[in-house]
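S.K.: sequence? don't have it. structure:
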């Protein structure tokens with residue numbers, strides 16, 4: 001296929017992923033396998049995907065700040081813990097065999113989609129925030145391990161972050177999302193450093209993907225799309241199952 005057409009498709013996939021990340025979460029379930037299908041080795045696809053995540057996080061943080069929502073210092077603490085974990089996770093991702101990574105990704109993709117479909121509704125509107133004392137320490141431990149997972153594979157990490165923030169710290173969903181994008185921004189710095197140092201990034205694909213990610217995230221947050229949540233989930237389920245089967249069978 002013509003290289004320009006491939007880049008256009010990648011930008012479109014990035015746009016869709018940006019919208020999905022904003023509406024439902026799990027956009028990397030599309031971008032990561034897409035990069036693999038385009039011919040990148042799994043480790044390079046994993047590293048390349050982080051450029052889009054990093055730039056999208058910058059746009060997301062700016063979007064929250066424009067609405068007067070700023071993460072508390074608490075977000076910086078758990079972000080640093082996740083950063084330490086991400087260095088470990090990214091190194092594991094670089095060292096693992098490509099075939100093994102593809103099969104792990106296939107399993108993770110299906111598991112994350114099942115979580116999206118069956119996850120319990122989170123309602124913390126009437127609960128008091130718990131971001132100091134033992135709950136801060138519990139969060140630091142939890143986010144260290146979330147950082148390992150995020151550094152390793154990224155896909156679905158947003159839902160893990162929201163689950164931790166709402167269950168451990170009782171943050172409402174608006175505050176949780178603001179903290180989430182800060183945490184992802186911080187730990188992605190570490191993951192990107194590992195992938196860049198080991199030459200596991202295709203910068204052209206990465207920046208094309210980032211354009212789509214950032215644009216999709218901006219449009220979705222700008223118009224606060226909510227009615228499309230169900231449709232996005234159906235689309236995501238179909239695409240992820242198809243990609244997971246292909247990843248598994250091709251090994």
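M.R.: Cool, the structure landed. Predicted model, so just to flag it, every value in this text is computed and none were measured. Numbering: from 1, shown residues only.

S.K.: Buried residues, the helix or strand harbouring residue 50. List them.
M.R.: Assigned by DSSP states H and E, residue 50 falls within helix 42-66. Buried residues in helix 42-66, counted by 16 or more other C-beta atoms under 10 Å: 42-57, 59-61, 63-64. Where C-beta positions appear, they are placed from N, C-alpha and C, glycine not excepted.

S.K.: Residue 154 reaches residue 47, doesn't it?
M.R.: No - using C-beta atoms under 8 Å, residue 154 makes no contact with residue 47, being 10.3 Å away.

S.K.: Pull up the overlap in contacts between the two.
M.R.: Common contacts of residue 154 and residue 47 (C-beta atoms under 8 Å, 6 or more residues apart in numbering): residue 191.

S.K.: about what we covered before: which neighbouring elements make contact with the helix holding residue 50?
M.R.: helix 3-23, helix 28-37, helix 73-95, helix 98-118, helix 173-197, helix 203-223 (3 or more C-beta pairs under 8 Å, 6 or more residues apart in numbering; DSSP states H and E).

S.K.: burial count for the closest residue to residue 10 other than its chain neighbours?
M.R.: Among residues not flanking residue 10 along the chain, residue 208 sits closest, at 5.2 Å (C-beta to C-beta, 6 or more residues apart in numbering). Residues lying near residue 208 (other C-beta atoms under 10 Å) number 22.

S.K.: cool, the one 3 residues further on as well?
M.R.: Neighbours of residue 211 under the rule other C-beta under 10 Å: 17.

S.K.: list the contacts for it?
M.R.: With C-beta under 8 Å, 6+ apart, residue 211 has these contacts: 11, 14.
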